[in-house]
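Chemist: coords please:
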Amino acid sequence: MREKAKHIAVELHGHLPFTLFGALLGIFFMLLFRRVGGTGGRMLFSVFHPGHVVLSAMVTASMFNVHAAKKRIILVVLVGYFGSVGVATLSDVIIPHVGTYLLGLDVPTHAVLHDDDKASPEQEEDEEDEHKIHLGFIEEWYIVNPAALLGIVIAYFLPRTKFPHAGHVLISTWASSSYMLMNMELGITAGVVAGMFVILFLAIWVPCCISDIVFPLLFVKSDIEMMGPCPVHGRHSHPHTDKGSEGHK
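Modeler: Residues are numbered from 1 along each chain as shown. As a prediction, the model looks like this:
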């Protein structure tokens with residue numbers, strides 16, 4: 001158990017460069033699409049969130065499928081589903097939603113409040129709806145849940161299919177950024193950019209690592225020292241050292 005915890009800690013530290021780069025790309029993405037508004041942000045989210053779920057399901061189910069002693073399909077499905085939909089929801093929805101609220105990024109500007117005085121009841125209802133938390137696996141269940149199953153199927157039959165980790169981080173970043181664009185009311189200033197960077201960093205680092213490493217490894221009894229590279233990303237677990245290899249001969 002101690003070796004597994006040490007292994008997870010090393011992997012979390014190793015993901016810091018990807019996370020920093022991903023957060024910077026997320027800021028660039030938000031600046032690029034800053035004028036799309038809530039409706040445009042929701043359309044972008046409807047594309048990138050399911051994409052993130054597919055990749056998370058592939059990684060989580062692959063890690064479990066490769067390292068688990070008993071490869072029962074029902075276990076692969078359960079681990080892949082909850083490890084992708086659950087963690088992607090945390091990354092793409094919950095952390096951005098709570099972050100924008102705590103930092104006050106979803107507070108309407110004076111101009112918006114002035115315009116709201118003239119808004120119709122229907123417009124006010126639409127604006128109120130924009131500030132509610134949007135759970136993709138419930139509101140767009142017909143897209144998100146099949147996306148998770150697609151990733152699980154790929155992982156089950158092709159568990160060693162490689163996908164660049166940078167690509168996974170990029171899709172996750174775009175999904176989190178799109179959700180923030182759905183809810184943000186304040187103009188983008190230097191202070192707002194700093195707040196968005198912190199939110200994106202947390203939204204990428206912790207959930208992605210939980211999905212890719214921590215969650216699937218909790219359900220396997222494999223010796224950490226015997227694990228090779230991650231079957232999908234090809235980089236998470238570290239190869240044996242010469243000394244370690246000799247010890248297993």
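
Chemist: Quick one: mean pLDDT over stretch 153-166.
Modeler: For stretch 153-166, mean pLDDT rounds to 76.

Chemist: right, I mislabeled it, should have said stretch 205-225
Modeler: 59.

Chemist: Stretch 63-78 too?
Modeler: Mean predicted lDDT for stretch 63-78 stands at 78.

Chemist: same deal with stretch 132-149?
Modeler: The pLDDT scores in stretch 132-149 average 91.

Chemist: Can you name the residues in contact with that stretch?
Modeler: 42, 45-46, 49-51, 53-54, 56-57, 77, 80-81, 84-85, 88-89, 92-94, 97, 179, 182 (Cβ atoms under 8 Å, 6 or more residues apart in numbering). All C-beta atoms are positioned from the backbone trio N, CA, C, and that covers glycine.

Chemist: helices or strands up against the lengthiest helix in the chain?
Modeler: Identified as the longest helix of the chain according to DSSP state H is helix 37-67. Contacts defined by 3 or more Cβ pairs under 8 Å, 6 or more residues apart in numbering; DSSP states H and E place helix 37-67 against helix 73-81, helix 87-89, helix 136-139, helix 141-157, helix 165-183, helix 215-217.

Chemist: Quick one: the ones you listed as a markdown table, columns for mean neighbour count and distance to Ala203 too.
Modeler: Compiled in a markdown table, the helices and strands packed on helix 37-67 are given as follows (neighbours: other Cβ atoms under 10 Å; distance: least, Cβ to Cβ, whole Å):
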| stretch | mean neighbour count | distance to Ala203 |
| --- | --- | --- |
| helix 73-81 | 18 | 21 |
| helix 87-89 | 26 | 10 |
| helix 136-139 | 17 | 14 |
| helix 141-157 | 19 | 17 |
| helix 165-183 | 25 | 4 |
| helix 215-217 | 23 | 16 |
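
Chemist: I'd like these as a markdown table, with distance to Trp205 appended.
Modeler: Conversion of these to a markdown table gives the following (distance: least, Cβ to Cβ, whole Å):
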| stretch | distance to Trp205 |
| --- | --- |
| helix 73-81 | 21 |
| helix 87-89 | 12 |
| helix 136-139 | 21 |
| helix 141-157 | 21 |
| helix 165-183 | 9 |
| helix 215-217 | 15 |
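
Chemist: Nearest to His13, out of the ones you listed?
Modeler: With Cβ to Cβ as the measure, helix 165-183 is the member of those nearest His13 (14.5 Å).

Chemist: ok, residues contacting the helix or strand following that closest one?
Modeler: Sequence-wise, the next helix or strand downstream of helix 165-183 (DSSP states H and E) is helix 190-209. The contact list for helix 190-209 (Cβ under 8 Å, 6+ apart) reads 8, 11-12, 15-16, 18-20, 22-24, 26-27, 30, 56, 87-88, 90-92, 95-96, 99-100, 103, 105, 168-169, 172-173, 176-177, 180, 184, 186, 188.
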